[in-house]
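Undergrad: predicted model and sequence below, questions to follow.
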Amino acid sequence: MQPPDTSALLRQYAENNSDEAFAALVRRHINLVYSVALRQVGNPHQAEDITQAVFIILAKKATSLRPDKALSSWLFQATRLTANNFVRSEIRRQRREQEAYMQSNLNQPGDESWPSIAPLLDAAVAGLGDKDQRAILLRYYEGKNLSEVGAALGASEDAAKKRLHRAVKKLRGFFIKRGVVLPAAALIAAMAANSVQAAPARLTNTVIAMAVAKGAAASGSTLTLIQGALKIMAWTKIKTAVVVGVGVLLAAGTATVTVREIEQHWTYPWQDMVSANDLALKALDTTPPQVTIVRSKFGVDQTPPRFLDDLGSPDRWRFIFAHATPDEMVRAAYLDYTTHIDSDFPFLVVSPPDMPGGYYDCIANLPGGSREALQQLVRKKFGLVGKYEMRDLDMLLLEVDRSAAPGLKPVTAPPPNPRPPSRISNGIVYYQNRSLSELAAILERRLEFPVEDQTGLAGHYDFDVPTQYGGPSVPGKTGASPQRIERARQWLHNELGLKLVPNRQPHEVFVIEKVK
């Protein structure tokens, strides 16, 4: 006797409340749900909680689902939604940091491509059209053969093969845009071998018991997951209706709700992470590789981190940014960390008079090429490009005033790699193993006025710079006051035996231009 198909089991449960039918549904799909949840959160225990929540939601909503629709697609989307909501809530409460998307013990021996694919796979599949997505889920998540895929899609085996070929091509395009380049055969092999991990044996019985009871005995954390997911599911339906309504209102010329207002309800998990300060660097490691610029989720009265950089090495230029202007975005995209100390933005900027406005959040964390990819995105989104030029400017020359000053401490050892970061304590910034040309760059940022090293002193030094020469008193304005320069002169003379001499000569500036 042939076992009943999924739609028949769903109908039996919805109409007759058949525990046996629901148990069969769980056994048939639990590995799919568990695997998607595990890729999203990277923690087996959290993935189990999410799996329980998804099947309890299924039990609650079974009567409203159409049996003729693909249950695997519904479970896939419900799992991603529940997992994403879980990650977002965990970040906001800051109870624990999100772990890596895939643990090394999940990788198949000899398969080196899967760790790069795993964090991106479900987002890539979610971006496919309905039929392409269903074909991928049937073939690689449920392990159906081509004949079964074709039958489920109402098409021939040959048509199913062609659709899968097109869907895989789209997935490859998604990965390539995010810096993961691999042949179609390698992608197919990786999906076939790794897309579904076996759920723990004990989890099946636990899920069945919890779900048929509609979550009556579920833990508080699981109930929280269920409630959050159900709210988002309801909002998703409302959002769809509102968007349709907007189209009608626009046609009538009486729109009162805009798409921008709708989008303000939705944020990315990494936006919550950067707002948490201590999790910002973690976001670079746990967020699927991408280069993304979105409208800022922060209000003008909030002060989230503006820039947080994780260089590591020149080929891993990565950063995360919150509440930044287009001006700051283009400066970030063209930042040359090999010549600019501590990777700070250039403040000597020549901008076009009609710069775009607004505030944006941004992440760039590709395995390689993030800087170039961000430049392309800034050009496309804002129509801006940047470059460094030499221009004649009024400036200050840093020169030797007297030797053997107490604050200039020579370092005999070569500078370490990576260079130790600066640290701040009690109003002093402590720098180690820095050249005097780097000190000139520090002063340039502190004074907001061009400073050039003319000391002729080689080697590296340790020096302690007061923070009182920091940023402008009026946000958005630059330029040193005479009082600030005079305080800097006194400190340089007393502590470092150096002086600042006014001059005019060529100096580097950063030029922002509109795309022609």
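TA: That came in fine, so what should we check first?

Undergrad: quick check: Arg134 touching Gly150?
TA: No. Checked against Cβ atoms under 8 Å, the pair Arg134 and Gly150 is beyond contact range at 11.7 Å. Yep, even glycine has a C-beta here, placed from its N, CA and C like the rest.

Undergrad: would you map the strands across this structure?
TA: For the chain, the strands defined by DSSP state E cover 291-295, 307-309, 319-324, 349-350, 360-364, 384-400, 409-411, 423-425, 428-434, 451-453, 460-466, 498-514.

Undergrad: number of residues surrounding Asn503?
TA: 15 (other Cβ atoms under 10 Å).

Undergrad: that one: what's it in contact with?
TA: 394-397, 452 (Cβ atoms under 8 Å, 6 or more residues apart in numbering).

Undergrad: now rank those by neighbours and give me the top one.
TA: Leu396 leads the contacts of Asn503 on contacts (other Cβ under 10 Å) with 23 neighbours.

Undergrad: separation between that one and Phe463?
TA: 17 Å (Cβ to Cβ, to the nearest Å).

Undergrad: repeat that for Glu157.
TA: Per Cβ to Cβ, Glu157 is found 73 Å from Phe463.

Undergrad: what about the two, which has more around it?
TA: Between Glu157 and Phe463, counted using other Cβ under 10 Å, Phe463 has the larger neighbour count: 20 against 14.

Undergrad: wait, doesn't that one sit right on Gly407?
TA: Yes. Counting by Cβ under 8 Å, Phe463 does reach Gly407; the two are 6.0 Å apart.

Undergrad: shared neighbours of the two, which are they?
TA: Shared contacts of Phe463 and Gly407, counting by Cβ under 8 Å, 6+ apart, come down to 495-496.

Undergrad: flag the shaky bits of the stretch 301-450 of the chain, pLDDT-wise.
TA: 301-316, 336-347, 412-422 (pLDDT under 70).

Undergrad: returning to what we had before: now distance to Ser72 too, for the strands of the chain, in TSV please.
TA: Shown next, in TSV, are the strands of the chain (distance: least, Cβ to Cβ, whole Å):
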stretch	distance to Ser72
strand 291-295	28
strand 307-309	39
strand 319-324	34
strand 349-350	52
strand 360-364	31
strand 384-400	44
strand 409-411	62
strand 423-425	53
strand 428-434	56
strand 451-453	63
strand 460-466	60
strand 498-514	48
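
Undergrad: so which of the ones you listed gets nearest Leu32?
TA: strand 291-295 (27.6 Å; Cβ to Cβ).

Undergrad: which elements pack onto that closest one?
TA: Counting contacts by 3 or more Cβ pairs under 8 Å, 6 or more residues apart in numbering; DSSP states H and E, strand 291-295 is packed against strand 360-364, helix 370-382.

Undergrad: the same query, at a cut-off of 10 Å, please.
TA: If you count contacts as 3 or more Cβ pairs under 10 Å, 6 or more residues apart in numbering; DSSP states H and E, strand 291-295 packs onto helix 259-263, helix 269-274, helix 326-333, strand 360-364, helix 370-382.

Undergrad: just checking: what are the partner strands of the fourth one?
TA: I take that to be strand 360-364. strand 291-295 (antiparallel), strand 319-324 (antiparallel) (DSSP bridges).

Undergrad: sorry, back to before: and the strands of the chain: which comes nearest Met191?
TA: Nearest of the strands of the chain (Cβ to Cβ): strand 291-295, 24.1 Å.

Undergrad: count of residues packed around Val411?
TA: 13.

Undergrad: quick one: residues contacting Lys514.
TA: By Cβ atoms under 10 Å, 6 or more residues apart in numbering, the residues touching Lys514 are 351-356, 382-385.
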